[in-house]
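**Q** please find the sequence and the predicted model below.
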Amino acid sequence: MNKRIFLMLTFLCLVLGLCACSAKQNEVNQNSNSDSSFVTDSTAAALNVSLEENRIIQDESFNVELNNWGNVRFISYEPDNHINFEDVSFYLIKDDKVIYSFPYYCENNSTENYVGLFDSVSAVEFCDVNNDNIKDVIVIINYVTGAGPQGMVPRPRARIFLADKKEFYLATDLIDDITNNIEEKDLSIAAICNY
């Protein structure tokens, strides 16, 4: 009985956290779209970021030609401390300097009230998601919950960054649609593009 209550409470916390993250990000997106002089935290913070080489996920970091950014390196950057629910981060590097920090999905880049602990990045793709002739970024990230018998089985989540000429925005509505309509076992870059 206690196990059922614990699992139900854990599930409820995850659902409430997801709602809070989506609402907060929608608020940020609305503010950024309504004010053309708005400077995102990701752009301002990127100027003073230095990355530790051992935290760069080499298999999921790529040299790529990205729109007005030119030839850059897309960096998947693992959390410093998995125990504190820190999420994976993404950056663009040019000439060995961080020139852009992608927006976080949840406030303070924490997965505590989202889907569990970061496990791995399983895929990255650069393609035009919204048919505006500008490359966007799709990432599939695996998380573990640690709750229940299947808690350590990685669960995939999509992250989609839509590009404009100066920055990237989280496509939260599309991410929510994909989460609700594509089963975890079927989540892939191809499935996201087809959706």
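**A** Great, that's in hand. Keep in mind it's a predicted model, so treat the numbers as computed, not measured.
**Q** Ile106 reaches Ser89, doesn't it?
**A** Quick fix: residue 106 reads Cys, not Ile. No - the pair Cys106 / Ser89 is not scored as a contact, 11.9 Å apart, by Cβ atoms under 8 Å. Every residue, glycine included, has its C-beta placed from N, CA and C.
**Q** next helix or strand past the lengthiest strand in the chain?
**A** Secondary structure assigned by DSSP state E gives strand 117-127 as the longest strand of the chain. Later in the chain than strand 117-127, the nearest helix or strand by DSSP states H and E is strand 136-144.
**Q** ok, residues contacting the helix or strand immediately after that following strand in the chain?
**A** Once the chain leaves strand 136-144, the next helix or strand it forms, by DSSP H and E, is strand 155-163. With Cβ atoms under 8 Å, 6 or more residues apart in numbering as the test, strand 155-163 has contacts from 66-67, 90, 102-103, 105, 115-116, 122, 129-130, 134-145, 168-171, 174-175, 178-179, 182, 184, 187, 192.
**Q** just give me how far strand 155-163 sits from the chain centre.
**A** 5 Å (Cα atoms, centre = their mean, to the nearest Å).
**Q** could you pull up the mean pLDDT of the very next helix or strand once past that strand?
**A** With elements assigned by DSSP H and E, the helix or strand that comes after strand 155-163 is strand 168-170. For strand 168-170, the mean per-residue pLDDT is 95.
**Q** ok, strand 168-170: who's next to it in the sheet?
**A** Note on strand 168-170: by DSSP bridges, its sheet partners are strand 155-163 (antiparallel).
**Q** helices along this protein, start to end?
**A** 2-34, 41-46, 172-181, 189-194 (DSSP state H).
**Q** and the ones you listed, which one is worst for confidence?
**A** Comparing mean pLDDT across these, the lowest value falls on helix 2-34: a mean of 39.
**Q** look up which residues are beta-bridged to Tyr143.
**A** Phe118, Arg155.
**Q** ok, it touching Phe118?
**A** Yes - here Tyr143 reaches Phe118: they are 6.1 Å apart, a contact under Cβ under 8 Å.
**Q** what is the burial count for Ile93?
**A** 19 (other Cβ atoms under 10 Å).
**Q** repeat that for the one 5 residues further on.
**A** Using other Cβ under 10 Å, Val98 has 19 neighbouring residues.
**Q** next: Lys135.
**A** Neighbours around Lys135, by other Cβ under 10 Å: 16.
**Q** for it, grab phi and psi.
**A** phi -70, psi 130 (degrees, to the nearest 10).
**Q** you'd agree it is up against Trp69?
**A** No - the criterion here is Cβ under 8 Å, and Lys135 misses it with Trp69 at 9.4 Å.
**Q** thanks a lot, see you next time.
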